[in-house]
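Asker: Sequence isn't available, so here's the structure alone:
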């Protein structure tokens, strides 16, 4: 594991009634979350913690695996790197940083196309998907000692920029590009650019080998409460405690729908997804909702097994849900809609 050094600061607390959030709405949200194998449910408004509940023997300092919510964090770091001049532009070709591809067509794929999950590269799983078997190259990659080898073997399967194809290895390529552009370890950038400025507690990332590469597409082992501040950046235009942590313009760009799928931006899910119809089993890749979101804008950090951050900027609301086991019947509209409808407008709470 690679350590991500934090600089923990206290959490501001506010009573639900002072935050303008109905206790009935919070109780309903918690009751449903508990039935869905959740380990944590937290709600913050305007940066203050208004509700905090844990189950299954966990507590505030229990680390969880946010799974692919980690991808959204990488996209934030890419924006910071561009702002600092470490990366030239979102339209830079990947071959500028992953020089093994510099003189071939794969090297022309842009960082933007990769952020959109439309790189046109194969999954690299030989058709095994998520099946846990020694024959699956993804299993050998994830549990092996070289996170770069599989990435560099990916072959084109379509024209870049056209088709949405959610691909963990594409995110890992972005992480590799960021390391090479900066000449620094990913976990160090994560610490200095996000974890410490946001006052978060130390975290950890899987490392392929000593001195190697961390897993960037997944698995920032951390506390659910720390994700309130990460998600909150989308409600505060990237500012925390008076400091610009992530460029405001970059966060706005992250939320622009991609050409391949309008429910996805730069490594983040945006507003309504699959609405209605038969509920898929467990938690599908593309989020399923029983009804449209009630809020005008909902930003979703999406992790395998139903790890979630929901951000509703119009009421400065952030919801974090964590779990160890798959939920039985997940509905991505339920938590944000119950909390949104139970929260008064800011003018009504003053």
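Answerer: Now that the structure is in, tell me what you want to look at. No experiment lies behind these values; they were computed from the predicted model shown.
Asker: Which helix or which strand is home to residue 113?
Answerer: Element membership of residue 113, judged by DSSP states H and E, is helix 111-115.
Asker: Likewise for residue 231?
Answerer: According to DSSP H and E, residue 231 maps onto helix 226-232.
Asker: Then residue 34?
Answerer: Following DSSP H and E, one finds residue 34 within helix 23-35.
Asker: Does anything pack onto that helix? Which helices or strands?
Answerer: Using 3 or more Cβ pairs under 8 Å, 6 or more residues apart in numbering; DSSP states H and E as the contact test, the elements touching helix 23-35 are strand 38-45, strand 48-54, helix 334-341. (Glycine included, C-beta is placed from N, CA and C.)
Asker: Let's have the ones you listed in CSV, adding mean pLDDT, mean neighbour count and distance to residue 212.
Answerer: Formatted as CSV, the entries for the helices and strands packed on helix 23-35 read as follows, by pLDDT from 0 to 100; neighbours: other Cβ atoms under 10 Å; distance: least, Cβ to Cβ, whole Å:
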stretch, mean pLDDT, mean neighbour count, distance to residue 212
strand 38-45, 98, 25, 30
strand 48-54, 98, 19, 34
helix 334-341, 98, 21, 37
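Asker: Figure out which of these is closest to residue 18.
Answerer: Closest to residue 18 of the helices and strands packed on helix 23-35 is strand 48-54 (Cβ to Cβ; 8.0 Å).
Asker: can you give me the angle that closest one makes with helix 334-341?
Answerer: Using axes from the mean of the first three to the mean of the last three Cα atoms, to 10 degrees, one finds that strand 48-54 and helix 334-341 are set 140 degrees apart in direction.
Asker: Next secondary structure element downstream of strand 48-54?
Answerer: Of the helices and strands lying after strand 48-54 in sequence (DSSP H and E), the nearest is helix 69-83.
Asker: State the mean pLDDT of that next one.
Answerer: For helix 69-83, the mean per-residue pLDDT is 98.
Asker: name the helices or strands packed onto it?
Answerer: Using 3+ Cβ pairs under 8 Å, 6+ apart: helix 69-83 touches helix 111-115, helix 168-182, helix 186-190, helix 226-232, helix 248-254, strand 299-303, strand 307-312.
Asker: So which bits of it are buried?
Answerer: Neighbour-count burial for helix 69-83 flags 69-82 (criterion: 16 or more other Cβ atoms under 10 Å).
Asker: distance between that helix and the chain's centre?
Answerer: With Cα atoms, centre = their mean, to the nearest Å as the basis, helix 69-83 stands 10 Å off its chain's centre.
Asker: do the same with stretch 19-30
Answerer: 25 Å.
Asker: and residue 12, how far is that from residue 207?
Answerer: 33 Å (Cβ to Cβ, to the nearest Å).
Asker: So these two - more neighbours on which side?
Answerer: residue 207 (19 against 11; other Cβ atoms under 10 Å).
Asker: for the more buried one, what are its contacts?
Answerer: Remark: with contacts taken as Cβ atoms under 8 Å, 6 or more residues apart in numbering, residue 207 is in contact with 1-2, 213-215.
Asker: Just send the residues you listed back as CSV, with pLDDT and distance to residue 186 too.
Answerer: Rendered in CSV, the data for the contacts of residue 207 read as follows (pLDDT from 0 to 100; distance: Cβ to Cβ, whole Å):
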residue, pLDDT, distance to residue 186
1, 95, 13
2, 97, 8
213, 94, 7
214, 96, 5
215, 94, 9
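Asker: so which of the residues you listed comes closest to residue 140?
Answerer: residue 215 (14.0 Å).
Asker: hang on, that closest one packs against residue 172?
Answerer: Yes - between residue 215 and residue 172 there is a contact under Cβ atoms under 8 Å: 7.2 Å.
Asker: what's the overlap in contacts for the two?
Answerer: Common neighbours of residue 215 and residue 172 are listed as residue 147 (criterion: Cβ under 8 Å, 6+ apart).
Asker: quick revisit: with secondary structure as new columns, can the contacts of residue 207 be given to me in TSV?
Answerer: Putting the contacts of residue 207 into TSV (DSSP: H, G, I helix; E, B strand; the rest coil) gives the following:
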residue	secondary structure
1	coil
2	strand
213	coil
214	strand
215	coil
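Asker: Of these, keep whichever come out buried.
Answerer: With neighbours counted by 16+ other Cβ under 10 Å, the contacts of residue 207 contain buried members at 2, 213-215.
Asker: thinking again about what came up before, tell me what the helix holding residue 113 is packed against?
Answerer: With contacts taken as 3+ Cβ pairs under 8 Å, 6+ apart, helix 111-115 sits against helix 69-83, helix 168-182.
Asker: sorry, back to before: so what are the sheet partners of the very next helix or strand once past the helix holding residue 231 and their directions?
Answerer: Of the helices and strands lying after helix 226-232 in sequence (DSSP H and E), the nearest is strand 239-240. In the sheet, strand 239-240 lines up against strand 243-244 (antiparallel) (DSSP bridges).
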